[in-house]
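S.K.: Structure here, sequence nowhere to be found:
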């Protein structure tokens, strides 16, 4: 057949077409495709325009295929099966020979933590490759960021798109300048903590992506905000030589304490604030050997990430003493909680959220 006689059809719509016709539901098709419902609905709208047919119609409480769609389904299934060896075939990937430029979207915190270890692996295993860290994309509910990104590394629960796998779980600690006159007690109570001026950060949207929300998880509904800024990585610089304190991930505190003079405090029991960091990628790249290799590189760097600060010994922030409670150990720095390596789930632990969180 002369290719000029073929009708124009976007092959990117073939998988959504098959899923929609087989599932007879936008929601179930979106789950199957690892796409958002708006993206799947948009694909259905394009398909309806192409075929000039509704394809799916509501009958009572269910969606049913139109007569045209019922006739079309067998041919769509055959076409998908025939094209799979052509579309799904990928080149072999050799890290030692590749000259590919990989691009990872990440927060400033994750860039600060991961860039060095990952680049060291690349210099050894893929010396001709290069790596760019780009800002974490603004959430829009679509997979469009993967037009320019290979991976996104970011926190769970912030509505990042795509298939995902947990990288590690960090937790939060409190940092302050060692000479901060407002942190007078070696074991400040939560009541004292909320009266300290805090520097807080947001990741994307200053109105809807505020990390002050993390305090809400710990049951603290108010703090004094001394400053707000974009990103976590600059918080240690902001509290140094000031009277502000900040909640930061433990790994960031560990890294910053190597170059800054920081006092690092554990949070009280019952006020733990974990934050899972995940790798995200476009579902089309699920079996891409280059992206699989890059995900493996990130996973292999996790055991080398330090969680132990090198600054002053951390002191435990404790709840306010109850009646009859003593303070005999107030000056003693307790054993660290949560020491050792960050928790890592097996590399097969993946998910593709149905509805991205709003943050």
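M.R.: Happy to help now that I have it. In this text, all values refer to a predicted model and were calculated from it rather than measured experimentally.
S.K.: Any chance of the backbone angles for residue 129?
M.R.: Backbone geometry at residue 129, expressed as degrees, to the nearest 10, gives phi -80, psi 160.
S.K.: in terms of contact, does it touch residue 97 like I think?
M.R.: No - between residue 129 and residue 97 there is no contact under C-beta atoms under 8 Å: 9.4 Å. Every residue, glycine included, has its C-beta placed from N, CA and C.
S.K.: Between the two, point out the one with more neighbours.
M.R.: residue 129 (19 against 12; other C-beta atoms under 10 Å).
S.K.: Contacts only, for that one.
M.R.: If a contact means C-beta atoms under 8 Å, 6 or more residues apart in numbering, then residue 129 has 95, 98-102, 122 as its contacts.
S.K.: ok, now residue 161?
M.R.: Residue 161 is in contact with 36, 139, 141-143, 145-146, 152, 280, 356, counting by C-beta under 8 Å, 6+ apart.
S.K.: C-terminal to the longest helix anywhere in the chain, what's the next element?
M.R.: When the chain is parsed with DSSP state H, its longest helix is helix 67-87. Sequence-wise, the next helix or strand downstream of helix 67-87 (DSSP states H and E) is strand 101-106.
S.K.: Sheet partners, orientation included, of that next one?
M.R.: Strand pairing for strand 101-106, determined by DSSP bridges: strand 130-135 (parallel), strand 151-155 (parallel).
S.K.: Redo these as JSON lines? Include distance to residue 13.
M.R.: Shown next, in JSON lines, are these (distance: least, C-beta to C-beta, whole Å):
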{"stretch": "strand 130-135", "distance to residue 13": "28"}
{"stretch": "strand 151-155", "distance to residue 13": "24"}
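S.K.: Out of those, flag the one nearest residue 166.
M.R.: Across the strands paired with strand 101-106, the minimum distance to residue 166, taken as C-beta to C-beta, is reached by strand 151-155, at 11.0 Å.
S.K.: ok, and for that closest one, which residues are buried?
M.R.: Across strand 151-155, burial judged by 16 or more other C-beta atoms under 10 Å covers 151-155.
S.K.: Do a quick rundown of the helices in this structure.
M.R.: Ranges of helices in the chain, per DSSP H, are 14-23, 26-33, 37-51, 67-87, 108-125, 190-193, 213-217, 235-239, 250-256, 289-301.
S.K.: most packed of those helices?
M.R.: Ranked by mean neighbour count under mean count of other C-beta atoms under 10 Å, those are led by helix 250-256, which reaches a mean of 24.
S.K.: and it, what does it pack onto?
M.R.: When contacts are defined as 3 or more C-beta pairs under 8 Å, 6 or more residues apart in numbering; DSSP states H and E, helix 250-256 sits against helix 108-125, strand 163-176, helix 235-239.
S.K.: quick one: residue 247 and residue 19, what's the gap?
M.R.: 42 Å (C-beta to C-beta, to the nearest Å).
S.K.: Then residue 166?
M.R.: 26 Å.
S.K.: Please apply the same query to residue 299.
M.R.: 30 Å.
S.K.: And stretch 33-48, how far out from the chain middle?
M.R.: Centre-to-centre, stretch 33-48 and its host chain are 23 Å apart (C-alpha atoms, centre = their mean, to the nearest Å).
S.K.: err, stretch 75-84, not the other one
M.R.: How far stretch 75-84 lies from its chain's middle: 34 Å, per C-alpha atoms, centre = their mean.
S.K.: repeat for stretch 165-179
M.R.: Centre-to-centre, stretch 165-179 and its host chain are 16 Å apart (C-alpha atoms, centre = their mean).
S.K.: List the buried residues for it?
M.R.: 165-177.
S.K.: Relative to residue 295, which of these is nearest.
M.R.: The shortest gap between residue 295 and any of those belongs to residue 165, at 6.8 Å (C-beta to C-beta).
S.K.: what about residue 219, how many residues close to it?
M.R.: As a burial measure, residue 219 scores 9 neighbours (other C-beta under 10 Å).
S.K.: should've said residue 94
M.R.: Residues near residue 94, counting by other C-beta under 10 Å: 11.
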